[in-house]
Each structure stands twice: as C-alpha cells, then as structure tokens.
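*Asks:* here's my sequence, what's the structure:
(chains A and B)
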Amino acid sequence: MSTSTNADSDLDTYELITRNADEVVTDEEVRELADDPDGKRAYVGYEPSGVLHIGHLLTANKLIDLQNAGMEVVVLLADVHAYLNGKGSFEEIRETAEQMKAQFLAYGLDDDTTEFVYGSEYQLEEEYTLDLHTLELETSLNRAQRAMAELQGGETAKVSHVVYPLMQALDIEYLDLDLAVGGMDQRKVHMLAREELPTLDYDVRPALHTPIVADLTSGEGKMSSSTGVTISMEDSTEELEEKVNSAFCPPTRDPDGDLENPVLELFEYHVFPRFEEVVVERPEKYGGDLTYTAYDDLAADLESGELHPADAKGTLSSYLDELIAPGREKLRELRS
RNA sequence: CCGCCCUUAGCUCAGACUGGUAGAGCAGUCGACUGUAGAUCGACUUGCCCCCCGUUCAAAUCGGGGAGGGCGGACCA
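*Replies:* Numbers count the residues shown, from 1 in each chain, chains lettered A, B, ... in the order given. As a prediction, this is how the structure comes out:
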C-alpha cells in the first residue's frame, strides 16, 4: 500500500498544515506555528463512539498531516462530554473509547506522537471545575447556546448542553495546546474559547477547521442530518461498494443549487491526502486505466467527461476500502 | 407551585367536536430510463394512534389518572 509520507515532501509545512482546511483562525498565528512546528501540540476532541465513521476520519487525516509536519497530536477521548450528552455510564463510555483509540491507531495515527487523553483525567479536578464556573459566570446563556451542538430530533436542551462547549474551551488550556482542530461545526466553540480564555488570563490559540462532507446520497451540504448513509469502519467491502455506488454523483464539481458532489469530496479529503497515486481501472472499451497524482486532475476529467462517474465510484470504493481495512480488522479482533 | 396547549408512519402533520380498529406530504424500498447517482415516470412498504384504568357491543376519538414536551404566570390589563 502506498500511503504517503514522502509525497508530502513537496508541500511546505504551512501548506501541509492547512491543506483541505475550510477555515484557519488566524492565518498569521498558524504561519507562526508552521515556522517551528516541532513539539507543538494540536488536538481534536471526540465523543467516544464504538465505530469510527467518515467524519472522524476527516479530522484524523488532518491530524496525520500535522504529525507529518512535526507536531504532536492529542486525541481527547471526551468521556465527560459524552456523559453530559447522555451517552451512558462512564463504564460504557470508556469501553467505546478504547475501541475508538484502537481504530485511530489502525487507521494510521502515529503511535509515538499521539497522546490519547481521557477527559475525566483532569476535568473533574478542583482547579478545572472552578475555572469552569468562572466561565459559566462570564458567558451569557445565549452565547453558550449558540456554541452548543445541535440537538438530536426530539431531544430537549439541558443545562449540560450549554456547559459542554465551555468545557471544550477550557480543554484547550488544560491540554496545553498550540492548535485546536475540528470540523466546521466546531467553529463557534473555538471562537468562544478565543474570546473567553483571556478572561481567565489564558492564551488564545489558533484553530483549524475541516470541511463537513456533504451527504452521500443527496449531496446536500453542511446541514446534512444524521439520517443519511455514512461510511464507517465496520462496513464490509460489499457494503462500501453499495454505498458509494448509490451516492449522488453528477459529472461536475459544482452541481446546481446548494449541492455538492460527495464522490469528489471523498476523493479530495480522504483519498488523495493518503495516496500518492490513484489508479482508475477501466476496461479497454472505455479507454483503459487512468492514473492521477492530484485531485484537481481527476476532478477536471470527471467534469470533461473523460472520467465517467461509474468508474470514479468503483475507484473510490476500492481506495476507501483500503483505508478502512485495518480498522475493520481491528474491530473484528476487539469483538471476538 | 398554578394555568393553558401538545403527544398519531423515519419526519411534518390531518383525523378527535358528531366512537365503528388510520390518512396525506416528504422520506424510504423496488422496477423503467440513463454505462453511476440524481431528475422523471411506474409500483410498493411503513404504525404498542405516549402509558394505565374506566364507559361502551365497539375507543386514536369519550371520562379519570400518569408520563414526556412546549408556552405563560411584574406592569400595561
């Protein structure tokens, strides 16, 4: 398998750190980081879940970029946050967190430069708690509400839901970070952190936000609900093929309306960052194999008609399968 | 604590006044058409009608109790 490390050598550190990011806050701060990335700490917080899905893997790709850039990575296994969100008992949450950790390592996070931290290791201590109460005092309910995660259907807003983002803000200080990473859905949390940490005399850290990939079947962007089909670590090769094949994929990078092309997005954010070379295997009657080393070339060919969506899909599912295979194997071990 | 309103398909909701074991839109599934998907046609599926007790030949519907959710309870009045 041709997972890349060397392919990134032609990118400079700043480009590597920021590639595929939707938003960098702020550019100057991140450039400063890029000047001397060694030993700098970046993090993503995840609510433990037993099986990783494509959304987790998108931020994981970014973490791998950051490791390749020389940074240290902290993965917060946010058990206390999960608890606040009603995800079960601490025991249950820990168990899924351990599975999550194993899958991240199988996926390709570097064992030596990745630190996995449980929230409960420090979030229940007195100092943290008092800081949290200070933040509660400083933050309007309205502000916290805007930063909190969207509620699931039928769920009622609880006090825990507004405490949640405040804790995320504090984590950035307590984990001693230099960079906060998250999907675009986390931007309000990070902005809140940037605004409020100084009131506790803590430093402001830059943030980097990855895109939210459009819903596979509809192509609808950002707001895509959790009802959609999602690719996960436990998908079999066949399920993966089926899901990718049923994905929305007009032969264009920019479909009408607010829609995105999810197949292209998956190539851009999941395949090309991790493979030096993408080979489209095609029967002779359709023109034979094609080889790409850059996403833009593939997208341009899809647009021009040189690459048919059906061939793009077949290729996509086989590369995704390769990415997922180690984690799938790991899950099987864990469950046996 | 008090008052009013809500709870029916995965979702948004009709149906309740005038009891007769449930409907629409969207979603979903399957075909047709496309070398993908979508769009478009064609077909199809979906229900502890929040729970318990009662009235009745018969309860989603009426009565009582309970649970969950929403809104309101200074002045203007």
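*Asks:* now the helix or strand where residue A:328 lies: average pLDDT?
*Replies:* Residue A:328 belongs to helix A:309-335 when assigned by DSSP states H and E. On average, the pLDDT along helix A:309-335 is 95.
*Asks:* which helices and strands does that helix pack with?
*Replies:* Contacts defined by 3 or more C-beta pairs under 8 Å, 6 or more residues apart in numbering; DSSP states H and E place helix A:309-335 against helix A:90-107, helix A:237-245, helix A:262-266, strand A:278-280, helix A:295-304. C-beta here means a position set from N, CA and C on the backbone, and glycine is covered the same way.
*Asks:* so what touches the fourth one?
*Replies:* Identification of contacts with strand A:278-280 by C-beta atoms under 8 Å, 6 or more residues apart in numbering yields A:267, A:271-272, A:289-293, A:298, A:307, A:311-312, A:314-315, A:319.
*Asks:* hang on, isn't residue A:54 packed against residue A:213?
*Replies:* Yes - the pair formed by residue A:54 and residue A:213 meets the contact definition of C-beta atoms under 8 Å, at 6.6 Å.
*Asks:* intersection of neighbour lists for those two?
*Replies:* residue A:266.
*Asks:* near RNA strand B, which residues of chain A?
*Replies:* A:153-154, A:156-157, A:217-218, A:227, A:245-251, A:263, A:282, A:286-287, A:308-311, A:313 (C-beta under 7 Å from any atom of the strand).
*Asks:* now the buried members of the residues you listed.
*Replies:* A:218, A:247-251, A:263, A:282, A:308-309, A:311, A:313 (16 or more other C-beta atoms under 10 Å).
*Asks:* which pair of those residues spans the longest distance?
*Replies:* The span of these, defined through C-beta to C-beta, is set by A:218 and A:282 at 27.4 Å.
*Asks:* so what's residue A:80 up against?
*Replies:* Per C-beta under 8 Å, 6+ apart, neighbours of residue A:80: A:119-120, A:123-124, A:167.
*Asks:* list just the nearest of those residues to residue A:31.
*Replies:* When the contacts of residue A:80 are ranked by distance to residue A:31 (C-beta to C-beta), residue A:167 comes first, at 29.2 Å.
*Asks:* any stretches of chain A with poor pLDDT?
*Replies:* A:1-10, A:153-154, A:221-228 (pLDDT under 70).
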